[in-house]
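Enquirer: fold the following, please.
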Amino acid sequence: MRIEELPHALPTNLADDLDLIAEMTADFARSLDIEETLRIGITHITSRMDAEAASIFLMEPETGDLVCRACSGPTDVTGLRLVKGQGIVWRAVNRNATELVRDTGNDPDFAHQVDGKTGFITRSVLCAPMSVRDERLGAIELFNKIGGGSFDSADRRVLQALAASAALALINARQAAAMAEQQVMRRELALAADIQRAMLPPERPAEFPIHGINLAARGVSGDFFDVVELPGGKLAFAIADVSGKGMNAALLMAKTASLFRCLAKRLDGPAAVLSAIDAELAETSSAGMFVTMIAGILDPAAGTVVLANAGHEPPLLCCGARQERIDDGMPPLGIVPELFAQGCPESIIDLNGGTLYLFTDGLTEAGNSHGMLGADGVARRLMPHRVRPAPDRLRALVSQIVDDGMTLKDDLTMVVIEDARQTPALYRQFQARPASLAAIRAAVAQALEHLACPPAVIPDVVLAVDEACQNIIRHAYGGGEGDLIVQVRGDAACLDIQLIDFAAPVDPARVCPRDLDDIRPGGLGTHFMRMVMDDVEFLAPPPGAGNLLRMIKRMGGL
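Expert: This is a model prediction of the structure:
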């Protein structure tokens, strides 16, 4: 039995149609310029389907109009705008169905005015909508079959396939463009964040009387703080919060920060600085945007702060267990310039050994399901950390907020201003482990040299501190790890050295030197400490600490 071969070749027209659809689909998929691809595609479609002219209309997102983006034929109608509901194209889009009009003279929706403007005579129309699911993107429209005939059902099927392919390509191209734009925006935001961080003051040693921290709720921040050194040893400082979020707030923040840095060096006092910034912002800033800001000057020698407040969160003054909010202030900057033109009040604050805290509402409004932190919550959370050096105190407070699951609804900025007269020559936190001992010895030696201690005394005092730190690591922490604060105060006549740890409290009665004839390990370090130092005693530790060892060295008898 012989099996006859069956014909397997497609009809010529169908093969050509499939080739055109495949070619257009590949072009759309590869294209980086979708409109250029549409212009090339409409030329191929016009030729393949024997049309006298053709157009591709896309829906404009802003207006909802259909606008011609590409065309082929004797007249150029690129840019032609069809308002909603006008013509056969809109009928195809609204119905989401291909429209075949064999005689435009009998179609009530045919727009004769377009022919009137272009001089082109439209006899028949084939229009297929471009859509993906329920999203209408536009339509492809063919005009007049060459030779005087009319488009037929086969033409309808081909155009439907081409319109579907074009719609998918357009969706993909728009998504790719949106992703590329997002990547550009992310790079720009990262660059803006880097610039902002560069505008913040550099981190200074723990002994410096002013420290700050800034966290952005988004990529860029509308907050800032700054410290400017003035002649005579005084320090100008500021903290500010720009209304709103995002790039606009960041730009206004940069402008305000630049104005402060310039004016703080030229004008006399924080009130004059705020008044000048207010005048500039009222004249040039965007409508509806404003800045809350505190500016001040610290006199380290006198332990006083001159403060001016423009609508900002009231500062918190902490002196021991006493806490006081400084509520004096004016409206925010950039709102009522005539008020600042009449003068801005200033407050004079005696730190009296205490600490002044400034913060933005990003801190007070941090919260969780139990509510916002608030100013009282900030004060409560500061207490356990007040024995830490200022930089560590700020980081510990922010870390605790994050660890407690509180979300930052706004940028967070905080500034600490301490009484420089109470600032020790060394006040630094170390990790309580053997690897830290070399750094502790170096820091203590540098502090003693800064206090002009006699050179002959420095090595013995450094060794005494080293022995005490070893005891804390071995015995208080039991060989484990923890934190250790080393504080050195005094002058050339008397040294006051305190070591604060956060281990379990020890019994001072059990910490005593052994007889020198007893050569068993341990105990001789304590003997050496008491031999070098005049007083060695355990004191009641500050709140939140475990133990406080105090050592006094008097140099008057040397």
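
Enquirer: ok, the nearest residue to residue 257 once chain neighbours are set aside - contacts?
Expert: Closest residue to residue 257 apart from its sequence neighbours, by Cβ to Cβ, 6 or more residues apart in numbering: residue 224 at 4.7 Å. Where you see a C-beta, it was placed from the backbone N, CA and C, and this is true even at glycine. Each residue near residue 224 by Cβ atoms under 8 Å, 6 or more residues apart in numbering is listed here: 196, 199, 200, 214, 238, 239, 240, 253, 256, 257, 413.

Enquirer: if we go to 10 Å?
Expert: Each residue near residue 224 by Cβ atoms under 10 Å, 6 or more residues apart in numbering is listed here: 196, 199-201, 212, 214, 238-242, 250, 253-254, 256-258, 260, 291, 293, 360, 411, 413.

Enquirer: equivalent analysis for residue 554, please.
Expert: Residue 554 makes contacts with 490, 493, 494, 495, 533, 534, 535, as judged by Cβ under 10 Å, 6+ apart.

Enquirer: helices of this structure, residue ranges please.
Expert: Assigned by DSSP state H, the chain shows helices spanning 12-30, 34-48, 87-95, 112-118, 153-199, 246-263, 270-284, 337-341, 361-364, 374-382, 390-403, 437-450, 458-471, 524-532.

Enquirer: closest one to residue 318 among the ones you listed?
Expert: helix 374-382 (6.9 Å; Cβ to Cβ).

Enquirer: centre of the chain to that closest one, how far?
Expert: Counting by Cα atoms, centre = their mean, to the nearest Å, helix 374-382 is centred 24 Å from the centre of its parent chain.

Enquirer: still on that earlier bit, now the residue nearest to residue 257: how far from residue 418?
Expert: Distance of residue 224 to residue 418, computed by Cβ to Cβ, to the nearest Å: 21 Å.

Enquirer: go on, residue 530?
Expert: For residue 530 relative to residue 418 (Cβ to Cβ), the value is 32 Å.

Enquirer: compare the two (neighbour count), which wins?
Expert: For residue 530 versus residue 418, neighbours defined as other Cβ atoms under 10 Å are more numerous around residue 418 (24 against 15).

Enquirer: partners of the biggest strand by length in the chain, with directions?
Expert: If you go by DSSP state E, the chain has its longest strand at strand 135-145. Strand 135-145 pairs in its sheet with strand 51-59 (antiparallel), strand 125-132 (antiparallel), by DSSP bridges.

Enquirer: and it with helix 153-199, angle?
Expert: Using axes from the mean of the first three to the mean of the last three Cα atoms, to 10 degrees, the direction of strand 135-145 lies 140 degrees away from that of helix 153-199.

Enquirer: can you list the buried residues in strand 135-145?
Expert: 136, 137, 138, 139, 140, 141, 142, 143, 144, 145 (16 or more other Cβ atoms under 10 Å).

Enquirer: output the lowest mean pLDDT helix or strand found in the protein.
Expert: Lowest mean confidence among the helices and strands of the chain (mean pLDDT, DSSP states H and E): helix 12-30, at a mean of 62.

Enquirer: where does the stretch 401-550 of the chain dip in pLDDT?
Expert: Applying pLDDT under 70 to the stretch 401-550 of the chain flags the ranges 403, 405-409, 422-423, 509-525.

Enquirer: and this structure, what are its domains?
Expert: According to automatic domain parsing, the chain comprises the domains 12-176, 200-422, 426-554.

Enquirer: which one of those domains lies nearest to residue 186?
Expert: Ranking the domains of the chain by proximity to residue 186 (Cβ to Cβ) places domain 200-422 first, at 7.8 Å.
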